[in-house]
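# sequence-free structure coming up:
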């Protein structure tokens, strides 16, 4: 990377440019805004629980994971690939902005949309699903805020192995399915066999989902929270190294 410094003004300017491009792309905007709501509805009909409150809570915590995956991860993979193929990233890199600022600025609109949707989901869930509010909102916020840079980094890494926007749906599928099934979006990992649960706890978003569920319902032992935080931090470190090593700024020739 050219530099690890961050200039808020440059990031905001890049974010505004990216937002303009997103608003012009109706397909990408639909995926970012409408698809998460549809998937939360599907999730609502799929989860189970002993009580209506348990079902509502599982729907909301799973919905948060769904929003993060669809809006931050999958949307950003397409955005990074599109800007790379259009030589936008290459041109930006010749200016004053550093590599990290370019990536962060590109991720800013998706991050803002995801955070707004999660806030709306939390409020609407309490009103429509009669769900309890989070027991520890700060812990939920910590999980969500940790997920954003992690998923943005994973999106940048995935884009390196994505030839064009049309194939982004295929290259994002493995992480999407692994997270949906193994990281507790549909069901907590404690309902799985011990060996399977131990493996699934090491998936990239498993720590985040543990923090979100613990913040919502409480009662999670401190060592589980520490393990979830350390797993998330480890994935962040690995992702940063991998992006520095493999991220592509120019199209394949």
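Yep, it's here. Computed from a predicted model, the values in this text were never measured in an experiment. Numbers count the residues shown, from 1 in each chain.
# quick one: mean pLDDT for the helix or strand that contains residue 113?
Using DSSP states H and E, the element containing residue 113 is helix 99-128. For helix 99-128, mean pLDDT is 86.
# what residue ranges in the stretch 151-253 of the chain score low on pLDDT?
Residue ranges of the stretch 151-253 of the chain with pLDDT under 70: 187-188, 253.
# what do you get if the cut-off is 90, keeping everything else the same?
Applying pLDDT under 90 to the stretch 151-253 of the chain picks out residues 169, 180-201, 213, 216-224, 251-253.
# tell me where it has helices.
Applying DSSP state H, counting those that start in this stretch to the stretch 151-253 of the chain gives helices spanning 168-171, 173-182, 194-200, 206-217, 222-246.
# if we ignore the residues flanking it in sequence, what's nearest residue 96?
Nearest residue to residue 96, sequence neighbours excluded (CB to CB, 6 or more residues apart in numbering): residue 10, at 6.8 Å. (Glycine included, C-beta is placed from N, CA and C.)
# list the contacts for residue 200?
182, 183, 184, 189, 192, 206 (CB atoms under 8 Å, 6 or more residues apart in numbering).
# same thing with residue 194?
The contact partners of residue 194, by CB under 8 Å, 6+ apart, come to none.
# ok, residue 97 touching residue 14?
Yes. Counting by CB atoms under 8 Å, residue 97 does reach residue 14; the two are 6.6 Å apart.
# shared neighbours of the two, anything?
Residues touching both residue 97 and residue 14 (CB under 8 Å, 6+ apart) are residue 105.
# can you count the residues close to the residue nearest to residue 74 when sequence neighbours are not counted?
Spatial nearest neighbour of residue 74, chain neighbours left out: residue 172 (4.9 Å); criterion: CB to CB, 6+ apart. Other residues within reach of residue 172, judged by other CB atoms under 10 Å, total 23.
# any idea which residue sits dead centre in the protein?
Geometric centre of the chain, nearest residue: residue 68, 3.3 Å, by CA atoms, centre = their mean.
# how much space is there between it and residue 155?
Using CB to CB, to the nearest Å, residue 68 is found at 11 Å from residue 155.
# try residue 66
Plainly put, residue 66 is 16 Å away from residue 155 if you go by CB to CB.
# name the residue in the two with the higher neighbour count.
Using other CB under 10 Å as the criterion, residue 66 and residue 155 rank with residue 155 on top: 29 against 26.
# nearest residue to that one other than its sequence neighbours?
Residue 155's closest residue in space is residue 76 (CB to CB, 6+ apart), at 3.6 Å.
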